[in-house]
Every structure is written in structure tokens, then in C-alpha cells.
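Peer 1: The amino acid sequence is not available; the structure is as follows:
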């Protein structure tokens with residue numbers, strides 16, 4: 001996936017009053033569907049009229065209208081998540097009914113708009129796709145290789161020393177693979193190898 005995606009850096013909240021109903025949005029980063037449901041249970045207000053929610057985690061998504069007419073709450077909230085290229089995000093919207101019915105269109109605008117505004121105001125961070133690889137090189141190239149990898153934000157997960165050299169188990173941003181390959185070739189004069197895991 002070449003399109004840049006984002007997630008939330010921290011829990012975000014927003015309170016809006018729409019025709020005397022109070023809408024309280026809570027949004028957070030989650031890594032799994034189970035974590036999204038745990039967040040929902042933690043945030044859920046038992047005295048509220050509705051606790052509607054939506055999450056997107058990669059290709060997995062779910063939403064719930066919690067008693068609102070079908071398609072008027074959870075679906076617009078999911079659209080708000082997707083509309084801002086977010087991933088690994090859950091939104092819970094708590095509604096305290098104020099006595100004025102909003103109608104289906106009004107509910108969709110209220111839930112979708114409140115979720116979108118909460119997410120728009122939240123601090124976001126880019127999601128960087130990472131890969132793991134094994135780099136093999138001679139002992140004499142190790143110190144320079146380690147220093148240059150650190151400069152490139154490559155994480156060294158493990159080092160294995162053998163009789164003919166060292167193997168580094170690394171994790172790196174996907175877009176840096178060619179640069180690391182080139183670096184390895186330069187430092188080892190073409191004798192080092194990189195194998196993507």
C-alpha cells in the first residue's frame with residue numbers, strides 16, 4: 001500500500017451539543033480488535049442513551065449503532081476514520097439524548113461530524129511499514145555497518161557471530177530497503193548479503 005496512513009499519538013476527546021443532545025467522542029490508537037472492544041468497555045457510559053462505536057485496524061473493521069436507527073451512527077463514524085486515512089483507530093461516541101429527535105440525516109451528520117472533528121483535532125503520527133531482514137558481513141565491517149544503520153533509523157534486533165562473520169537481524173522502514181542494500185554493498189565491497197525475511 002503506497003498511500004500514507006496515520007494513527008493517533010494519544011487519546012483524544014471532543015464534546016459537542018447538537019439540538020440539546022450531548023455527544024462525547026473518544027478516539028484512540030488500538031492494535032487489535034480485542035483492544036478496541038476493551039477500550040469501548042472502559043469508555044462506555046452506562047447512564048448514556050447510546051454508546052456508538054467504530055474501529056478500523058488494517059482490513060478489519062466493525063461499527064455499532066447501539067440502538068440508533070441502522071446506519072446512522074457507526075457507519076458515518078467509520079467513514080470519518082477512513083476519510084482521514086487513519087488505521088489502528090477506535091472511536092466511541094456517547095450520546096445523552098436532549099429531547100429533540102434529529103432524524104436519520106441529522107443523526108448521520110451528528111455522529112459522522114463529531115467523530116470527524118475529534119479525529120481532525122487529534123495528534124496523528126504516520127504509520128511506517130517495516131520489514132525484517134538478515135544482513136551478513138565480515139567482522140571488520142561490523143562497527144561501521146552498525147553506526148550507519150543507527151543513522152538510518154534501522155533497529156538491530158539481534159547479532160549472531162560465526163566463524164566467518166556476523167549476521168545482523170534488523171527491522172527497517174520498507175522504503176529504506178534499497179538504501180540499506182546499497183550501503184552494505186559499499187561497506188563490504190559487494191561481499192555482504194541482505195536477505196529479506
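Peer 2: Looks like it came in fine. Note that the coordinates shown come from a computational prediction; the quantities given were computed from them, not determined experimentally.
Peer 1: Surely residue 78 forms part of a strand?
Peer 2: No - Residue 78: not assigned to a strand; according to DSSP: H, G, I helix; E, B strand; the rest coil it is helix.
Peer 1: Now do the contacts for it.
Peer 2: Contacts for residue 78 (CB atoms under 8 Å, 6 or more residues apart in numbering) come out as 54-56, 61, 63. In this view, the C-beta of every residue, glycine as well, is placed from N, C-alpha and C.
Peer 1: What about residue 42, how many residues nearby?
Peer 2: Counted by other CB atoms under 10 Å, the residues lying close to residue 42 total 10.
Peer 1: Please, which helix or strand holds it?
Peer 2: Assigned by DSSP states H and E, residue 42 belongs to helix 33-43.
Peer 1: longest helix in this protein, by residue count?
Peer 2: Counting by DSSP state H, the longest helix found in the chain is helix 103-121.
Peer 1: neighbouring strands for the helix or strand that it is followed by, and are they parallel or not?
Peer 2: Using DSSP H and E, the next helix or strand after helix 103-121 towards the C-terminus is strand 124-126. Strand 124-126 pairs in its sheet with strand 6-8 (antiparallel), by DSSP bridges.
Peer 1: Adding distance to residue 12 and pLDDT, write the contacts of residue 78 out as TSV.
Peer 2: Formatted as TSV, the contacts of residue 78 follow (distance: CB to CB, whole Å; pLDDT from 0 to 100):
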residue	distance to residue 12	pLDDT
54	14	97
55	14	97
56	15	96
61	19	96
63	18	97
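Peer 1: Tell me the one of the residues you listed nearest residue 174?
Peer 2: In terms of CB to CB, no member of the contacts of residue 78 lies closer to residue 174 than residue 56, at 20.5 Å.
Peer 1: can you tell me which residues contact residue 188?
Peer 2: Residue 188 sits next to 137-138, 141, 145 when contact means CB under 8 Å, 6+ apart.
Peer 1: Could you rerun that using 6 Å?
Peer 2: By CB atoms under 6 Å, 6 or more residues apart in numbering, the contact set of residue 188 is 137, 141.
Peer 1: residues making contact with the longest helix of the chain?
Peer 2: Contact with helix 103-121 is made by 12, 14, 16, 18, 23, 25, 27, 68-69, 72-73, 76-77, 79-80, 84, 91, 93, 102, as judged by CB under 6 Å, 6+ apart.
Peer 1: Out of those, list just those in strands.
Peer 2: Secondary structure from DSSP state E places 12, 14, 16, 18, 23, 25, 27, 91, 93 of the contacts of helix 103-121 in strands.
Peer 1: From those, keep the buried residues only.
Peer 2: Buried members of these, scored by 16 or more other CB atoms under 10 Å, are 12, 14, 18, 23, 25, 27, 91, 93.
Peer 1: any chance of those in JSON lines, plus pLDDT?
Peer 2: Shown next, in JSON lines, are those (pLDDT from 0 to 100):
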{"residue": "12", "pLDDT": "95"}
{"residue": "14", "pLDDT": "95"}
{"residue": "18", "pLDDT": "92"}
{"residue": "23", "pLDDT": "96"}
{"residue": "25", "pLDDT": "97"}
{"residue": "27", "pLDDT": "97"}
{"residue": "91", "pLDDT": "97"}
{"residue": "93", "pLDDT": "97"}
